[in-house]
Structure formats: C-alpha cells, structure tokens
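Novice: kindly generate the corresponding structure for this input.
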Amino acid sequence: MRIGPAGVSWLGGLYAALLYGFIFLPVAVLVLFSFQGGRFPIPPFNGPSLKWYEAVLADDRLVQALVNSLAVAFLSSVVACVLGFLAAYGFARYRLPGSALQRALITAPLAVSYLIIGMGLLITFNMMGVPRSLLTVGIGHAVINTPLCFAIIYSQMGAHQVNVERAARDLGASDRQVMWLITAPMLAPAILASYFLSVTFSWDEFIIAFLLSRFDVTLPVEIWSLLRSGLDPRTNAVGSIVFLISILVVVVLEATVFRRPRPDDRGRRA
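Specialist: Numbers count the residues shown, from 1 in each chain. This is a model prediction of the structure:
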C-alpha cells in the first residue's frame, strides 16, 4: 500500500512528536515538580510554589557550588579554546613530523572514558603533590575539552584563508600578528562554537569534578551529595536552574554563531 504525501507528512509529524517527547519529557517533569509545594514529587500537583527555588538560593553551599561551576566552565573553556586554536593553527599551517599521528593523539581523549581520564589525572596530581581543588578540576576539564576545540577549529581552517594570510605577510605583518589579527577573526564562528560547547560540557560534568575536587565542589558534585541523603525536593529546582542555563548557552550560540544572514543583510554588506 502506497502512502500519499499527506500520510508521509502525518507520519513524519508523529515521529517528530514522539522523538521530542522522549527527549524532553523527563526534563518537563523535572521542571514541573520543581514548582511542587509539597516535599515529595508525586501527584497530585501541589502548587505552583517557588519555595524550593528560595531554599536553593538561601543555601550557601548550593550557591557557592553554582558559582564554582560557572567559574570552572568559563575559565577552563578559555584555556581549551586557546590550546585548541594554537594546535589547529600549527597543524594547518606548518609541516610537522608525524602530523597524522600527532592529530590522532590530540583527539584520542574524545574516545576515552571520563572515568579513565579522571583517574589518570588523580594519580598524576598525587604523584606531583598537587592537592585536589577547583584548579585541578579546571585542568581536568581543559584536558577533555581541548580535543573538542581542536577538532572544531581545525576542520574550519581551509585553504581559502591562506591567501589572506600571505597578503598580510606581504604587507609586513609578523607570524604572531597574522595569527591573532587575521586567522583568529576569520575563525571566530568556529572558536565561539567550540567555546560554548566546551562551557556546556564542563558545566554539568560530574566524574572528573568528583575525582579532582575536595572541599570546594562544583554543582553536579553538590547535587550528588544531596541525593545521597535521600530524596531532596531542592534537587528539582537545582536541576531546572542547570537546564535553564544550558538552554541560555544554546540560544546565545544559535543567535551569535549559527545565525544565517538574511538576504537583506547580504545586500547591505555588499
């Protein structure tokens, strides 16, 4: 039996609805019960109420963990982007011995479990006598995000940029000026994309943050501590805040990096 265009459209819509429902239903339930007035997230719904958001903001440990997560995410992503950009520039613009093997080694952490990386970093820091802190967590997040930044930026370094760089050198620019004043601005969309993705991955990363932190912890580690003592309704509010911040990062990324120019914008630029 052949299915007409209307049937295909209907099946496509049904499939999309089921797919999005499967992805976002748990998040919707989490956000819904974060406004539950009662202590237990079970029907019937008792609300809406902001008492658990007020409890989160009144908890100094949760607020400090939130600040720690933001600081680690933004600062470690800067380090990862700089290292990824420098590595991508070196491989794209210079002939290095064994470059294929070196590129494979740089991107290898993308295929390695965070547990293995975290344990390796923990052993390394213990051997060096470096105490666990937010600094070690930031180093760990830079380790796991640098390969991602490198892969994104390196994939966008095409041959069309080489002519512009040669023209800049002909006009007297040094290699450093070419790299920071010519290449980096041309790769701004790729750099921003890698930065925001790095922030997103670092923001809710748990395993490395758990292994490499001690007293000053990030928000995922603090949420895990709350869950160890039993069901805490504040976790719904904290999870909703994490989801909101992640959505804001994605919206900013979409609006600044992936936004396609409109035809009238192209005309004005021309």
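
Novice: list the residues that contact Asp216.
Specialist: 64, 68, 133-134 (Cβ atoms under 8 Å, 6 or more residues apart in numbering). To be clear about C-beta, it is placed using only N, CA and C from the backbone, and glycine gets the same treatment.

Novice: of those residues, which belong to strands?
Specialist: Counting by DSSP state E, no part of the contacts of Asp216 is found in strands.

Novice: just the buried ones from those, in ChimeraX syntax?
Specialist: In ChimeraX, a selection of the buried entries from the contacts of Asp216 looks like this (16 or more other Cβ atoms under 10 Å):
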select :68,134
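
Novice: next, give me the two most distant ones among the contacts of Asp216.
Specialist: Farthest apart among these by Cβ to Cβ are Gln64 and Ser133. That separation is 13.8 Å.

Novice: what distance do you get for Ala55 to Ile152?
Specialist: Ala55 is 39 Å from Ile152, where distance means Cβ to Cβ, to the nearest Å.

Novice: more neighbours: those two, which one.
Specialist: Each of Ala55 and Ile152 has its neighbours counted (other Cβ atoms under 10 Å); Ile152 has more, 23 against 15.

Novice: residues touching the more buried one, list them.
Specialist: 84, 190, 193-194, 197.

Novice: can we see that at 6 Å?
Specialist: Ile152 is in contact with 190, 193-194, counting by Cβ atoms under 6 Å, 6 or more residues apart in numbering.

Novice: so it: helix, strand or coil?
Specialist: At Ile152 the chain is in helix, as set by DSSP: H, G, I helix; E, B strand; the rest coil.

Novice: report the secondary structure element holding the closest residue to it other than its chain neighbours.
Specialist: Using Cβ to Cβ, 6 or more residues apart in numbering and skipping residues adjacent in sequence, the residue nearest Ile152 is Ser194, 4.2 Å away. In this structure, Ser194 is located in helix 188-203 according to DSSP states H and E.

Novice: show me what whichever helix or strand comes after that helix is packed against.
Specialist: The first helix or strand that comes after helix 188-203 along the chain, using DSSP H and E, is helix 207-212. Using 3 or more Cβ pairs under 6 Å, 6 or more residues apart in numbering; DSSP states H and E as the contact test, the elements touching helix 207-212 are helix 114-128, helix 134-155.

Novice: looking at the contacts of Asp216, which is nearest Leu219?
Specialist: Asn68 (7.2 Å).

Novice: so the closest one sits right up against Thr218, yeah?
Specialist: Yes - with contact defined as Cβ atoms under 6 Å, Asn68 reaches Thr218; the gap is 5.2 Å.

Novice: before we move on, what's the pLDDT of Gln156?
Specialist: If you check Gln156, the pLDDT there is 85.

Novice: wait, Glu222 sits on Ala65?
Specialist: Yes - in this structure, Glu222 is within contact of Ala65 by Cβ under 6 Å, at 3.8 Å.

Novice: most packed of the helices and strands packed on helix 207-212?
Specialist: helix 134-155 (a mean of 23; mean count of other Cβ atoms under 10 Å).

Novice: tell me the angle of that one relative to helix 188-203?
Specialist: Using axes from the mean of the first three to the mean of the last three Cα atoms, to 10 degrees, the direction of helix 134-155 lies 150 degrees away from that of helix 188-203.

Novice: contact partners of whichever helix or strand comes after helix 134-155?
Specialist: The element immediately downstream of helix 134-155 (helix or strand, assigned by DSSP H and E) is helix 160-170. Outside of helix 160-170, the residues within contact range by Cβ under 6 Å, 6+ apart are 178, 182, 186.
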